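Novice: Got a predicted structure here, sequence first:
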Amino acid sequence: MKNFGRYILFLISLIQRRESFKTYFSLTINECIKIGYDSLFIVSIVSVFIGAVTTIQTAYNLVSPFIPDYIIALVVRDMTLLELSPTIIAIVFAGKVGSNIAAEIGTMRITEQIDALEVMGVNSSSYLVLPKIVASILMFPILVILSATLAISGGYMAGVLTEVITGAEYIYGIRYEFNPFNLPFALIKAYVFAFIVSSISSFQGYYTSGGALEVGKSSTNAVTNSCIAILIADYLLAQILL
Amino acid sequence: MIEIKNISKSFDNKQVLFDISGKFVKGKTNLIIGASGTGKSVLLKCLVGLLKPDIGEVLFDGRDFTNGDKNLLTDIRRDIGMLFQGSALFDSKNVEENIKFPLDVLSELPENEKIEKVNHCLKLVGLENINKKMPSEISGGMKKRVGIARAIVNDSKYLFCDEPNSGLDPLTAIKIDDLILELTRKLDTTTIVVTHDMNSVIEIGEYIMFLHNGKKIWEGDNKNILKSKIKELNDFVFSNKLMKKLK
């Protein structure tokens, strides 16, 4: 509870004594490149395989002759949009970006760079963390949209190449009884998860004390706590919005 | 001038500083000395506002830094420059960006004037043409110089140095001491140096405050420190063989 209270105070400190918009703008653009562009490769690889594996496994489980093949594509689409793309990619995001954020801020803390900012009268938490959170919120939904597209494409490739489903059936299944709310739901999850990963990781890094060992611990805690928070938020959002 | 009045500080019921008072004079190099773990760095952090003392006041030319309002604190912070023990240069910025940083966040100067100031400060600390180098590409002594340049770029009235000689070879350490003394004279700053290096004490100690177990037990200058009769101070000053021989 004490840590949760400290986390809330930390979030409040982000919006106090802010710097100029110009300062945040350039920092946010840099963070967008680091957080978004640099994550493209891992997100693409994971997404294609998520789609491919989901197609094969769904086909393996749907053995009844009464179930048409296009249902495979429908399952892939809904699983990808509702769960796999936002949640699995958020966990990958926590592993890649979250650990990086915690290690970067933690190292700045133990090498007195954060103290240097404070001595200069800069609100260090706002200066360092706010651009990371804004950049995550801007970039992660784009990564989720990309991931969903690639996962569905990966499913198509796997299904057609292994001949578990024809291309035409897959396309039909993808369009069959599509619920448009699934898209905003996936994006809402993306925004929430982006905030969770970036804020928790920053919090872990910001309150690092000690040396290299503690930076490593902060980085690990950032990933662990982010993953737990993602799963809790995932359940709550599903309960509330679906 | 910086004045401290009855500063006390404790962490988790462990008192680290006990009722410390003193005056750090403008245009002089003021040293806070003592063995490791005596509270020097805690006192320095209280002075620059990184820690709030439990009791006591820190006055910058009569302005109360401990209990002042937000605007006053911001004004005082603009006048503070600090050299950290490990230099604390920002890894992601090159030398020029590091030195320019206080100007970026605290001043409205046009970019070309900022660069001019950066080059002027680099010249003052004896470094030129390293503007585009990253902190990882320069030596420890150069990092300290860049740290000093960053501390003075904003025309700071108060210069704080935390263990400026740590991790440096004796020759470079003396050069850094000389540089601090020279800048204090040239820029007329109130300079406070935290150190346990006896070379610095002898070289630049124009006012010295000696701390022992969180208490101030002696103050004076480098001329009379060697004549003191206080046992704890003598144990500290004459702890190495060379100083013992000199005695």
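Specialist: Sure, I can see it.
Novice: okay, now the domains of chain B?
Specialist: Using automatic domain parsing, the domain parsing of chain B gives B:2-79+B:157-246, B:90-155.
Novice: Out of these, flag the one nearest chain A.
Specialist: domain B:2-79+B:157-246 (3.5 Å; C-beta to the nearest C-beta). To be clear about C-beta, it is placed using only N, CA and C from the backbone, and glycine gets the same treatment.
Novice: and that closest one, anywhere near chain A?
Specialist: Yes. Applying C-beta under 8 Å from any C-beta of the partner chain, one finds domain B:2-79+B:157-246 touching chain A at B:48-50, B:73-74, B:77-78, B:160.
Novice: Among these, which one sits closest to A:Q57?
Specialist: Nearest to A:Q57 among the residues of domain B:2-79+B:157-246 next to chain A: B:L50, at 55.4 Å, using C-beta to C-beta.
Novice: Can you give me the pLDDT of A:S209?
Specialist: A:S209 carries a pLDDT value of 91.
Novice: Report how many residues lie close to it.
Specialist: 9 (other C-beta atoms under 10 Å in any protein chain shown).
Novice: Likewise for the one 5 residues further on?
Specialist: Around A:E214 there are 16 other residues, counting by other C-beta under 10 Å.
Novice: That one belongs to a helix, doesn't it?
Specialist: Yes. A:E214 forms part of a helix when assessed by DSSP: H, G, I helix; E, B strand; the rest coil.
Novice: Just give me the longest helix of chain A.
Specialist: Criterion DSSP state H: the longest helix present in chain A is helix A:124-161.
Novice: for the helix or strand just after it, the distance to its chain's centre please.
Specialist: Sequence order places helix A:167-175 as the next helix or strand after helix A:124-161, per DSSP states H and E. Relative to its chain's centre, helix A:167-175 lies at 28 Å (C-alpha atoms, centre = their mean, to the nearest Å).
Novice: List the buried residues in helix A:167-175.
Specialist: For helix A:167-175, burial by neighbour count (16 or more other C-beta atoms under 10 Å in any protein chain shown) applies to A:169-170, A:172-174.
Novice: CA atoms only: put that helix into CSV for me.
Specialist: Output of helix A:167-175 as CSV, limited to C-alpha atoms (Å, rounded to 0.1, in the frame of the first residue of the first chain):
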residue,chain,number,x,y,z
GLY,A,167,-7.7,-18.0,-49.0
ALA,A,168,-11.2,-17.2,-50.0
GLU,A,169,-12.7,-18.8,-46.9
TYR,A,170,-10.2,-17.0,-44.7
ILE,A,171,-11.1,-13.6,-46.2
TYR,A,172,-14.8,-14.5,-45.8
GLY,A,173,-14.3,-15.5,-42.1
ILE,A,174,-12.4,-12.4,-41.4
ARG,A,175,-15.4,-10.3,-42.6
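Novice: And for A:T224, the neighbour number?
Specialist: Neighbour count of A:T224, defined by other C-beta under 10 Å: 14.
Novice: elements contacting the host helix or strand of it?
Specialist: Assigned by DSSP H and E, A:T224 belongs to helix A:212-241. In terms of contacts (3 or more C-beta pairs under 8 Å, 6 or more residues apart in numbering or on different chains; DSSP states H and E), helix A:212-241 is packed against helix A:89-93, helix A:99-110, helix A:182-206.
Novice: Can you tell me which of the buried residues of helix A:167-175 lies closest to chain B?
Specialist: Distances from chain B to the buried residues of helix A:167-175, taken by C-beta to the nearest C-beta, are shortest for A:I174, at 43.5 Å.
Novice: picking that back up, could the domains of chain B go into JSON lines alongside distance to A:N221, mean pLDDT and mean neighbour count?
Specialist: Below are the domains of chain B laid out as JSON lines (distance: least, C-beta to C-beta, whole Å; pLDDT from 0 to 100; neighbours: other C-beta atoms under 10 Å in any protein chain shown):
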{"stretch": "domain B:2-79+B:157-246", "distance to A:N221": "22", "mean pLDDT": "88", "mean neighbour count": "18"}
{"stretch": "domain B:90-155", "distance to A:N221": "22", "mean pLDDT": "90", "mean neighbour count": "18"}
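Novice: Dump the ones you listed into a markdown table; add distance to A:F66 as well.
Specialist: As requested, these are exported to a markdown table (distance: least, C-beta to C-beta, whole Å):
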| stretch | distance to A:F66 |
| --- | --- |
| domain B:2-79+B:157-246 | 69 |
| domain B:90-155 | 60 |
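Novice: quick one: contacts for residue 82?
Specialist: You didn't say which chain, so I picked chain A. Neighbouring residues of A:L82 by C-beta atoms under 8 Å, 6 or more residues apart in numbering or on different chains: A:182, A:185-186.
Novice: actually it's chain B I care about, not the one you picked
Specialist: Neighbour list for B:M82: A:116, A:119, B:48, B:151, B:159-162 [criterion: C-beta under 8 Å, 6+ apart].
Novice: Understood, closing this out.
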